[in-house]
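# Take this sequence and fold it.
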Amino acid sequence: MNEGLRARSSSEAVKHSRWPVLAYALLVFALCWPAWLNGQAFFLQDTTAYIKGAASGVALISPSPTAQEWLHPSHSAPPAPSQPGSTNEHSDTHSKDYSSSPDKKGVLAGRSIYYGMYLFTITAISSINLVPVITAILTVLTIATVSRSVGLNHLQTSGLLAILVAVSPLPFFNSMLMPDVFAGLAILASAAFLFISPLYKWHRYLWAIIILCAVLFHTANILILSGLLVITLVIAFVPPANKKSLVRKTALLFVIVVIGIAGEVFFNAAVKHFTHNAPIRPPFISARLIADGPGTLYAKKYCSTTAFEICHYQAALGKASSDDFLWSLNPDIGVFTLASKESRELLSHQDSAFAIAVLKKYPTEVLRSTALNFLSQLTLVGLEEFNYPKLMITDFSEKIPEAEFKRLQESKAGQDIFPVNISEYLILGGLVISFIVFAYHVYKYNRTQPIFWLYILVLAGILINALVCGALSTPHDRYQARIIWLIPVIAFYIQCLQSRKFE
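Residues are numbered from 1 along each chain as shown. Model prediction:
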């Protein structure tokens, strides 16, 4: 009798332990549902630069068929015609002349070889459409381990992930072939690493790996995490914080950030060794200042007495966005892409010096434009990048393998019919509810609890992200949408943990 009861109890325990695994497995696929609905993972213009960079490195070591397929794609389908009157209408005639090959334009910095290898390895082993699944697995692991460590049970954690499936942009960024999703994962993992005791020891190792991936995958994440480390050091001196423990954890995260910087230095050295050309970083700050106005004012007034390379392009300054300054092939508005390699190098090397010179002459204007860009970036949470314009498809026709290009043309995004409107309304609704929950509970929260500082650091990460992206680039929906899912996460934590106090 007792043996039968024990056997039945053991069987029930096994069943009970299995359901969270099954739930999380289903949520992995749900958290990349846009890729399944689209028929393909989502490409962005930079996707091919990441994967081709990795393919170039692999091709130097071994004759990989996957590398050759991406480096030398062939197509029977003719490219789609460009749209007349577009600011990129010169792209068809100039694209081959203005490639980024080392002998023509130099290798561009800022496209992480490490994220490229992430894409390339998965593609070589299986298919590029497996990337969203692998990314979603990392997403579920990160959110689940943090949620369990802050005190949520499996049911609550699964409920949170289900909410993120329905009313957040997280599934879209899991489905995009870009490193964007790692920015939000790194912010959450960093806050947990610093302020939360992990439920299991391996949780902290996982968070460290996610943070390391983020800093290796994109330079912007290094800037965001550096800002978070500064804020954490300030918090360490706020009573009753455990200063010694927090400083030690901050030092460990600082080491990870340094590894990210070292990874970029190593990549730059390798490129210079193999191509005899150092990577060229686009002059993002100069482009931003020119587009906002202060840089254009400086060029018009002081170029006669200064030797900045940007002064040679006065006819194109101040006419369009910073993206146009950097990437347009229209000579009326484009500068960087159309410049010679020597000119590109000068524009890159003088980027900081030009920014300092403009700031000295027009400090008020620079600070004002930076603040406006920051505020603009905070409010952009749409999904405009998940339908492709025709010119983008034209560009892809020469850059990706034929089979992938055909799938891209047949995808909903390729036909410009992916239904993003419903998701955008759900995202906005989820944000409104999350802000209400957060505002209702946080003012009465015990500020001595570590979870309170997790909330503060996550919010700080969202603000720093907007500042970094808004100040260095043209504000885009994608830059803020990629991390805004953190708001529902912390609102859910607050609601669950506060409700538990009254049970």
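
# Please read off the pLDDT at the closest residue to L383 other than its chain neighbours from the model.
Distances taken as CB to CB, 6 or more residues apart in numbering place V420 nearest to L383, at 4.1 Å, with adjacent residues excluded. All C-beta atoms are positioned from the backbone trio N, CA, C, and that covers glycine. V420 carries a pLDDT score of 92 in this model.

# Quick check: L338 touching W327?
No. Contact between L338 and W327 fails when scored by CB atoms under 8 Å: they sit 9.8 Å apart.

# and those two? which has more neighbours close in?
Using other CB atoms under 10 Å as the criterion, L338 and W327 rank with L338 on top: 21 against 18.

# Confirm the more buried one sits in a strand?
No. Counting by DSSP: H, G, I helix; E, B strand; the rest coil, L338 is not part of a strand but coil.

# Next, it: phi, psi?
According to degrees, to the nearest 10, the main-chain angles of L338 amount to phi -80, psi -10.

# Once you drop chain neighbours, what's closest to it?
In space, L338 is closest to P331, 6.0 Å off (CB to CB, 6+ apart).

# Now do the SS call for the one you found.
Applying three-state DSSP: P331 is coil.

# Which of the helices or strands spans Y298?
helix 294-302 (DSSP states H and E).

# ok, and for that helix, which residues are buried?
Within helix 294-302, the residues scored as buried using 16 or more other CB atoms under 10 Å are P294, G295, T296, L297, Y298, A299.

# picking up where we left off before, for burial, what's the neighbour tally of the residue nearest to L383?
Residues near V420, counting by other CB under 10 Å: 20.

# how near is it to P179?
21 Å (CB to CB, to the nearest Å).

# try D477
From D477 to P179 the distance is 17 Å (CB to CB).

# Then I134?
To P179, I134 is 13 Å away according to CB to CB.

# Of these two, which one has the most company?
P179 (26 against 18).

# Which helix or strand in this protein has the lowest average pLDDT?
helix 91-94 (a mean of 38; mean pLDDT, DSSP states H and E).

# Once you drop chain neighbours, what's closest to the most centrally placed residue in the chain?
A centroid search over the chain (CA atoms, centre = their mean) returns D180, at 1.9 Å, as the residue closest to the centre. Take D180 and drop its neighbours on the chain: the residue closest to it by CB to CB, 6+ apart is R482, 3.9 Å away.

# If you tally nearby residues, what's the number for the one you found?
26.

# what sits against it?
P169, F173, D180, V181, A183, G184 (CB atoms under 8 Å, 6 or more residues apart in numbering).

# repeat that with 6 Å
Applying CB atoms under 6 Å, 6 or more residues apart in numbering, one finds that R482 lies in contact with F173, D180, A183.

# mind putting those residues in CSV, distance to I285 included?
Shown next, in CSV, are the contacts of R482 (distance: CB to CB, whole Å):
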residue, distance to I285
F173, 26
D180, 21
A183, 20
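
# which one of those residues sits closest to I436?
When the contacts of R482 are ranked by distance to I436 (CB to CB), F173 comes first, at 24.4 Å.

# The closest one and V381: what is the separation?
According to CB to CB, F173 stands 12 Å off from V381.

# In terms of packing, which of the two has more residues around it?
The residue with more neighbours, out of F173 and V381, is F173; 31 against 22, by other CB under 10 Å.

# The more buried one against D180, yeah?
Yes. Using CB atoms under 6 Å, F173 and D180 qualify as a contacting pair, with a distance of 5.2 Å.

# on that earlier part again, next one, pLDDT for the residue nearest to D180 please.
For R482, the predicted pLDDT is 94.

# Check V14 too.
41.

# before we move on, what about N88?
41.

# distance of the residue nearest to L383 from I113?
Look at V420 and I113: by CB to CB, they are 31 Å apart.

# Equivalent analysis for T145, please.
28 Å.

# what do you get for V150?
Per CB to CB, V150 is found 35 Å from I113.

# Which one of the two is surrounded by more residues?
I113 (23 against 20).

# F374 contacts C469, correct?
No. F374 is beyond contact range of C469, at 9.0 Å (criterion: CB under 6 Å).

# follow-up on the earlier one: quick one, phi psi at the residue nearest to L383?
Per degrees, to the nearest 10, the backbone of V420 is at phi -90, psi -20.

# wouldn't it be in contact with E385 here?
No. Using CB under 6 Å, V420 is not in contact with E385, being 9.3 Å away.

# which other residues reach stretch 416-435?
Under CB under 6 Å, 6+ apart, the answer for stretch 416-435 is N38, V167, P169, G382, L383, F386, N387, K412, I487, P488, A491.

# tell me the contacts of the third one?
This means P169. Contact analysis of P169 by CB under 6 Å, 6+ apart lists I427, A481.

# Ok, the first one next?
By CB under 6 Å, 6+ apart, N38 lies in contact with S411, K412, A413, F418.

# Next up, the contacts around the first one.
Taking CB under 6 Å, 6+ apart as the contact definition, S411 lies against N38, G39, Q40.

# Could you measure from it over to Y118?
From S411 to Y118 the distance is 22 Å (CB to CB).

# Same question for the second one.
From K412 over to Y118 the distance is 25 Å, taken as CB to CB.

# Next up, phi/psi of the residue nearest to the centre of the chain, please.
Torsion angles, degrees, to the nearest 10, at D180: phi -60, psi -40.

# How far off centre is stretch 255-265?
Its chain's C-alpha centre and that of stretch 255-265 lie 17 Å apart, by CA atoms, centre = their mean, to the nearest Å.

# Show me the contact partners of it.
I211, L212, V215, L216, I222, L225.

# in what helix or strand does the closest residue to I143 other than its chain neighbours lie?
What sits nearest to I143 in space, not counting adjacent residues and going by CB to CB, 6+ apart, is L161, at 6.3 Å. Assigned by DSSP H and E, L161 belongs to helix 154-167.

# tell me what that helix is packed against?
Under the contact criterion of 3 or more CB pairs under 6 Å, 6 or more residues apart in numbering; DSSP states H and E, helix 154-167 touches helix 2-30.

# mind redoing it with 7 Å?
Applying 3 or more CB pairs under 7 Å, 6 or more residues apart in numbering; DSSP states H and E, one finds that helix 154-167 contacts helix 2-30, helix 131-150, helix 420-442, helix 486-501.

# Give me whichever of the ones you listed is most buried.
helix 131-150 (a mean of 22; mean count of other CB atoms under 10 Å).

# where does that helix sit relative to the chain's centre, distance-wise?
16 Å.
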